[in-house]
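A.B. asks: only geometry, no sequence info:
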Ligand code: SF4
């Protein structure tokens, strides 16, 4: 199977070579954020407070993991449905985020934003939370702990598997899969 | 008259949630293995392989099969010659949910109010359906239902004169539109007939018939085959495993029918993701 290796933080030259449908194993750092963490970050941007983590070149993982059992870095940690975060994507891109990991299709507006801001949307394996958990080597809570499963975590990952859904050239893996059939 | 202490219900709910969360049923894994073997596309085979591997890791490492540990849906079949003693039934069930989600490090995904959205912090309450049946046995079925697949549910009230082809078109379009969101291969559960509410409930119950079983009525067994062929057959636009392409969009189709009004033909769809978590016990 054809997996390419990818290191975070992502820089523009790495993004330029990526094409929809390619598979990567990511090593480095991801930040989890889902619905309410996005809402809070958007509110902070509006009111002008300090941001919860350095978002330049960051990779956001749309995930709300299960609690880590004793002796494990993380609980089950698969992706959640990405399109719910569409309304917040431009805010995140403006802050310098370079990639998003989730599951499912994005709206057309997000796809053009990805081209405009040069960022990539990846899918990972929905419902494979136990499998993905084994690729997380360390986890640290970063912000919004009152949100429980919706808090922001910093994950250190080794060979975390993803597929490029939307590249910076408006390619879309889900669409090309349907066309192929 | 047989008496059951509702403490037994609490402990049964705990056991059922534990099993469902960590142990994918054998018949589901067998089904996935044969779907994997039927895939020609390399990406699709790899996807099915990861789903199978996930089940092994979940069982071995006691990590939940999916981080969305679900809403707890409980189907209770209560023998009418039975009396319950102790805490109220609903309280006993919710106590089991609270304990299990804490004890097994499961994610708590329930908010107390749909608009104000404060997490209850316990994953309770469950969503409970009770049927009164003959006899003196209480059967509890626990289904852990993820949000991603539940959000792809739909209901359409057809004209009673609608053709079977129109109904199949509607079902196929709903599954294709849902695409990767319900984490295919899905177990597609269809409620036909009844009232709107009955159809939706049947769409949840249909899959309880058992993975790998055929509909007892040949007419509906044939309908299930046709829907399956439509979703997984060649030349159609099913999204395949996790929407990454391939044949296996559905892992099974389950129809449950009910009598209905002369003016109505409700068709309700509920999608079960590949993370099929459902366990049963008779008390
Ligand atoms: S749809 Fe099912 S398998 Fe996919 S993330 Fe939700 S609960 Fe998990």
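C.D. replies: Ah, there it is. What you are looking at is a predicted structure, and each value in this text was computed from that prediction instead of being measured.
A.B. asks: show residues contacting stretch B:69-76.
C.D. replies: A:66, A:76, B:13, B:17, B:21, B:89, B:93, B:97, B:101, B:106-110, B:123-124, B:126-131, B:138-147, B:150, B:204-205, B:208, B:277 (CB atoms under 8 Å, 6 or more residues apart in numbering or on different chains). Every residue, glycine included, has its C-beta placed from N, CA and C.
A.B. asks: report the buried members of those.
C.D. replies: Among the contacts of stretch B:69-76, the ones that count as buried by 16 or more other CB atoms under 10 Å in any protein chain shown are A:66, A:76, B:13, B:17, B:21, B:89, B:93, B:97, B:101, B:106-110, B:123-124, B:126, B:138-146, B:150, B:204-205, B:277.
A.B. asks: hang on, the earlier thing: filter the contacts of stretch B:69-76 by proximity to the ligand?
C.D. replies: Here is what survives when the contacts of stretch B:69-76 are matched to the ligand using CB under 6 Å from any ligand atom: residue B:146.
A.B. asks: just the contacts of stretch B:69-76: which are in strands?
C.D. replies: Among the contacts of stretch B:69-76, the members found in strands (DSSP state E) are B:127-131, B:138-145.
A.B. asks: ok, these vs residue B:66, which is closest?
C.D. replies: residue B:144 (8.6 Å; CB to CB).
A.B. asks: thought that closest one was touching residue B:19?
C.D. replies: No. Residue B:144 lies out of contact with residue B:19 (CB atoms under 8 Å); the separation is 10.3 Å.
A.B. asks: is chain B within reach of the longest strand along chain A?
C.D. replies: Counting residues, the longest strand in chain A under DSSP E turns out to be strand A:152-166. Yes. Under the criterion of CB under 8 Å from any CB of the partner chain, strand A:152-166 makes contact with chain B via A:161, A:163.
A.B. asks: tell me the buried residues in stretch A:159-172?
C.D. replies: Under 16+ other CB under 10 Å, the buried positions of stretch A:159-172 are A:160-168, A:171-172.
A.B. asks: centre of the chain to it, how far?
C.D. replies: Counting by CA atoms, centre = their mean, to the nearest Å, stretch A:159-172 is centred 11 Å from the centre of its parent chain.
A.B. asks: measure it end to end?
C.D. replies: 23 Å (CA to CA, to the nearest Å).
A.B. asks: who's in contact with it?
C.D. replies: A:3, A:5, A:15-16, A:18-27, A:30, A:101, A:105-106, A:110-112, A:114-115, A:118-125, A:132, A:135-136, A:173-174, B:43, B:50, B:244.
A.B. asks: just the buried members of these?
C.D. replies: Neighbour counting with 16+ other CB under 10 Å marks A:15, A:18, A:20-24, A:26-27, A:30, A:101, A:105-106, A:110-111, A:114, A:119-125, A:132, A:135-136, A:173-174, B:43, B:50, B:244 as buried within the contacts of stretch A:159-172.
A.B. asks: quick one: the strands in the chain?
C.D. replies: Let's take chain A. Using DSSP E, the strands of chain A run over A:3-7, A:23-32, A:59-61, A:99-102, A:120-123, A:136-143, A:152-166.
A.B. asks: that answer is for a different chain, and I need it for chain B
C.D. replies: Along chain B, counting by DSSP E, strands occupy B:2-5, B:71-79, B:82-85, B:127-133, B:138-145, B:154-158, B:186-193, B:250-258, B:265-272, B:278-282.
A.B. asks: who does the second one pair up with?
C.D. replies: This means strand B:71-79. strand B:127-133 (parallel), strand B:138-145 (antiparallel) (DSSP bridges).
A.B. asks: for chain A, what's the longest helix?
C.D. replies: The longest helix of chain A (DSSP state H) is helix A:35-47.
A.B. asks: list of residues touching that one?
C.D. replies: If you take CB under 8 Å, 6+ apart as the criterion, helix A:35-47 is touched by A:33, A:50-52, A:84-85, A:88, A:91-92, A:94-95, A:143-144, A:147, A:150-152, B:117.
A.B. asks: can you pull the contacts of residue A:103?
C.D. replies: Residue A:103 touches A:62, A:78-82, A:123-124, A:126, B:148, B:180-181, B:183, B:242-243, counting by CB under 8 Å, 6+ apart.
A.B. asks: mind doing that once more with 10 Å?
C.D. replies: With contact set as CB atoms under 10 Å, 6 or more residues apart in numbering or on different chains, residue A:103 has these partners: A:62-63, A:78-83, A:122-127, A:165, B:148, B:179-183, B:242-243.
A.B. asks: burial of the residue of chain A found nearest the ligand, as a residue count?
C.D. replies: As assessed by CB to the nearest ligand atom, the ligand sits closest to residue A:127 within chain A, at 2.6 Å. Residue A:127 is flanked by 29 other residues according to other CB atoms under 10 Å in any protein chain shown.
A.B. asks: so who does it touch?
C.D. replies: Residue A:127 neighbours (CB under 10 Å, 6+ apart): A:76, A:78-79, A:103, B:50-51, B:54, B:65-68, B:146, B:148-149, B:182-184, B:242, B:273-276.
A.B. asks: swap in residue A:19?
C.D. replies: Contacts of residue A:19 by CB under 10 Å, 6+ apart are A:120, A:164, A:167-169, A:171, A:173.
A.B. asks: save those residues as JSON lines, and put in pLDDT and distance to residue B:164 too.
C.D. replies: Formatted as JSON lines, the contacts of residue A:19 follow (pLDDT from 0 to 100; distance: CB to CB, whole Å):
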{"residue": "A:120", "pLDDT": "97", "distance to residue B:164": "44"}
{"residue": "A:164", "pLDDT": "97", "distance to residue B:164": "40"}
{"residue": "A:167", "pLDDT": "96", "distance to residue B:164": "42"}
{"residue": "A:168", "pLDDT": "95", "distance to residue B:164": "46"}
{"residue": "A:169", "pLDDT": "94", "distance to residue B:164": "43"}
{"residue": "A:171", "pLDDT": "92", "distance to residue B:164": "38"}
{"residue": "A:173", "pLDDT": "93", "distance to residue B:164": "34"}
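A.B. asks: check those one by one and keep those near the ligand.
C.D. replies: Within those, nothing lies near the ligand by CB under 6 Å from any ligand atom.
A.B. asks: state the pair within the residues you listed that is farthest apart.
C.D. replies: That would be A:168 and A:173, which, of the contacts of residue A:19, are the farthest apart (CB to CB) at 13.6 Å.
A.B. asks: overlap in contacts, those two.
C.D. replies: A:19-20.
A.B. asks: gap between residue B:56 and chain A?
C.D. replies: Distance check for residue B:56 against chain A: by CB to the nearest CB, to the nearest Å, it reads 9 Å.
A.B. asks: residue contacts, that residue?
C.D. replies: Residue B:56 touches A:130-131, B:24, B:29, counting by CB under 10 Å, 6+ apart.
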